[in-house]
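[1] Predicted model and sequence below, questions to follow.
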Amino acid sequence: MKKRLAALFMLTLAALAPPSAQQGGGAGQAPPASPVQEEWQVDPLRGPVDLGLTDPSLVGAIDVHQHLDPDAPGVRGQVRALDAFDAAMMAKQRGMRGIVFKTHQSPASAGVAYLVRRHGAAGVEMFGRMALNFSTGGINVAAVEHFAQTKGGWGRIVEMPTRDAVTGARNMDREFLAGNRPWMLLMPPGAPTYVATSKDGQLTPETKHLIAVMAKMRTVDSNGRLVLATGHATPDEHLLLTAEARRQGLQVLLTHPGDIPQLAEATRLGAFVEVNASGIYRTAAGATNAAALVRKIGAEHAIVGTDCGQMTNLYPTDCLALAARALRARGITQRELDLMYKANPAKLLGLPPLD
C-alpha cells in the first residue's frame with residue numbers, strides 16, 4: 001500500500017510540475033528545445049517553489065546580483081523570498097561557486113556575507129554589494145570605508161545610486177513614491193530628489209574623489225580590491241563612470257544597462273556588462289533580446305546575474321538554469337555561457353579562475 005501511495009504521489013508531482021522541471025536539465029541531459037514560457041507567474045503571496053533545476057552552467061557559477069533577507073522590501077513592496085543562508089545552501093546544492101548579496105539601502109550585505117561564510121554553507125563564496133543611495137549617505141566615502149572594513153572583508157562591490165539615481169527621480173508623483181521610494185515622502189521641503197553623480201556632462205568632484213579612494217582601498221582580512229558598479233545610471237553616466245574607474249584601475253560592472261550606444265566604448269575600456277537572468281527566463285522575447293546583446297558585445301564582456309530572490313521571481317538557481325537553457329536554445333554556446341556565468345564574475349571579484 002505504501003509503495004502504491006508513493007508512486008501515486010510521484011505521478012501527481014510530475015503532472016503538476018512546469019514543463020522545464022519535467023524535462024530535467026542535469027549535466028547528463030539534453031536541454032529542452034524551447035525552455036522559455038511566456039510570462040512565468042509566481043504567486044507573490046506564497047512565493048516561488050524550488051523547481052530543483054540544474055544545468056552545466058551552474059557548476060562553478062557566481063551570481064553577482066541576488067536580493068535576499070535580511071533586507072527592506074524593494075520596489076512596490078517586493079519582499080525577499082529567502083535569506084542569505086538559504087540562498088547559499090541552494091547554491092551549494094547546485095554546485096555553484098558563489099553569490100553576491102545586493103542591498104540597495106545599507107552596507108549590511110558585507111556583514112551577512114561574513115556570517116554565511118563562517119556559519120553557513122561551507123565552500124560557497126559570498127560577497128556583499130551595496131548601493132550609494134540616500135540611506136547610505138549618497139556619494140559617501142565613510143559608508144564605503146565601513147563596507148570595506150566590515151569583518152572578513154567580503155564587502156566587494158560598491159554601486160552608484162540605484163533607487164535614488166537621477167533615473168529614479170523622473171517621477172515624483174506621491175503615489176509613485178509611496179510604492180517605490182517611500183522615504184522621499186519623509187524628506188524635508190527643498191531636499192534633493194536624487195543623488196547626483198554627474199553634472200553638465202561630467203562626473204561631480206565628489207564622485208571622482210570616491211572612485212579615487214576606492215582604488216586605493218583594500219578590504220580588511222581578505223585584502224580584496226573593491227569593484228565599481230554603475231547603478232541605475234543614465235547611458236552617458238554609465239560611460240563616464242566606466243572611464244574614470246578604469247583610469248583608476250578598478251574593475252567595473254555596468255548595472256543592467258540594456259542595449260545602449262555606450263556599450264562598445266565601455267567594453268573597449270574593459271567594463272563588464274550585466275545581463276539579468278530575470279529578464280531572460282520569463283519571456284521568449286526577453287531571451288531573444290539577451291542573446292542578441294551577447295552576440296553584439298561578445299560573451300567575454302558580459303556577466304549573467306539573476307536580479308532574483310524576490311517573492312515575485314523564481315529562486316535564483318532556477319532563474320540561472322532557465323536563462324542558460326534559453327540562451328543555449330538561441331545559439332549561445334556552452335563556452336560563452338561558462339564565460340558569463342563563471343570566468344567573468346570571478347575576474348570581476350578578483351578570484352582565481354577555476355581549473
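    Nice, I can see it.

[2] So which residues of the stretch 151-300 of the chain form helices?
    Per DSSP state H, counting those that start in this stretch, the stretch 151-300 of the chain has helices spanning 174-180, 205-216, 235-247, 263-268, 284-297. These are given in chain order.

[3] Now render those as JSON lines, adding mean pLDDT.
    Written out in JSON lines, the entries for the helices of the stretch 151-300 of the chain read as follows (pLDDT from 0 to 100):
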{"stretch": "helix 174-180", "mean pLDDT": "96"}
{"stretch": "helix 205-216", "mean pLDDT": "98"}
{"stretch": "helix 235-247", "mean pLDDT": "98"}
{"stretch": "helix 263-268", "mean pLDDT": "98"}
{"stretch": "helix 284-297", "mean pLDDT": "97"}
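
[4] Of all those, which one is nearest residue 348?
    Distances from residue 348 to each of those were compared by CB to CB, and the smallest falls on helix 235-247, at 12.2 Å. Where you see a C-beta, it was placed from the backbone N, CA and C, and this is true even at glycine.

[5] coming back round to it: got the helices of the stretch 151-300 of the chain as JSON lines, with distance to residue 339 columns?
    Output for the helices of the stretch 151-300 of the chain, formatted as JSON lines (distance: least, CB to CB, whole Å):
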{"stretch": "helix 174-180", "distance to residue 339": "34"}
{"stretch": "helix 205-216", "distance to residue 339": "26"}
{"stretch": "helix 235-247", "distance to residue 339": "19"}
{"stretch": "helix 263-268", "distance to residue 339": "13"}
{"stretch": "helix 284-297", "distance to residue 339": "10"}
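
[6] Tell me which of the ones you listed is the most buried.
    Most buried of the helices of the stretch 151-300 of the chain, by mean neighbour count (mean count of other CB atoms under 10 Å): helix 235-247, with a mean of 21.

[7] what's next to that one, contact-wise?
    For helix 235-247, contacts defined as CB atoms under 8 Å, 6 or more residues apart in numbering pick out 160, 166, 197-198, 201-203, 207-208, 211, 214-215, 228, 230, 233, 252, 254, 257, 260-262, 265-266, 269-271.

[8] redo that, cut-off 7 Å
    160, 197-198, 201, 203, 208, 211, 228, 230, 233, 252, 254, 257, 260-262, 265-266, 269-271 (CB atoms under 7 Å, 6 or more residues apart in numbering).

[9] what kind of secondary structure is the most centrally placed residue in the chain in?
    The centroid of the chain falls nearest to residue 65 when counting by CA atoms, centre = their mean (1.5 Å). Here residue 65 is strand, with the state taken from DSSP: H, G, I helix; E, B strand; the rest coil.

[10] dump the residue contacts of it.
    By CB under 7 Å, 6+ apart, the contact set of residue 65 is 100, 102, 274, 276, 305-307.

[11] switch the cut-off to 10 Å
    Residues touching residue 65, when contacts are defined by CB atoms under 10 Å, 6 or more residues apart in numbering, comprise 99-102, 129, 157, 159, 229, 253, 255-256, 274, 276-278, 303-309, 316, 345.

[12] Any figure for the gap between the nearest residue to residue 269 once chain neighbours are set aside and residue 48?
    Once its chain neighbours are removed from consideration, residue 269 has its nearest residue in residue 246; the separation is 4.6 Å (CB to CB, 6 or more residues apart in numbering). With distances defined as CB to CB, to the nearest Å, the gap from residue 246 to residue 48 amounts to 37 Å.

[13] ok, now residue 274?
    Shown here: residue 274 relative to residue 48, a distance of 22 Å by CB to CB.

[14] do residue 330 as well
    Residue 330 sits at a distance of 24 Å from residue 48 (criterion: CB to CB).
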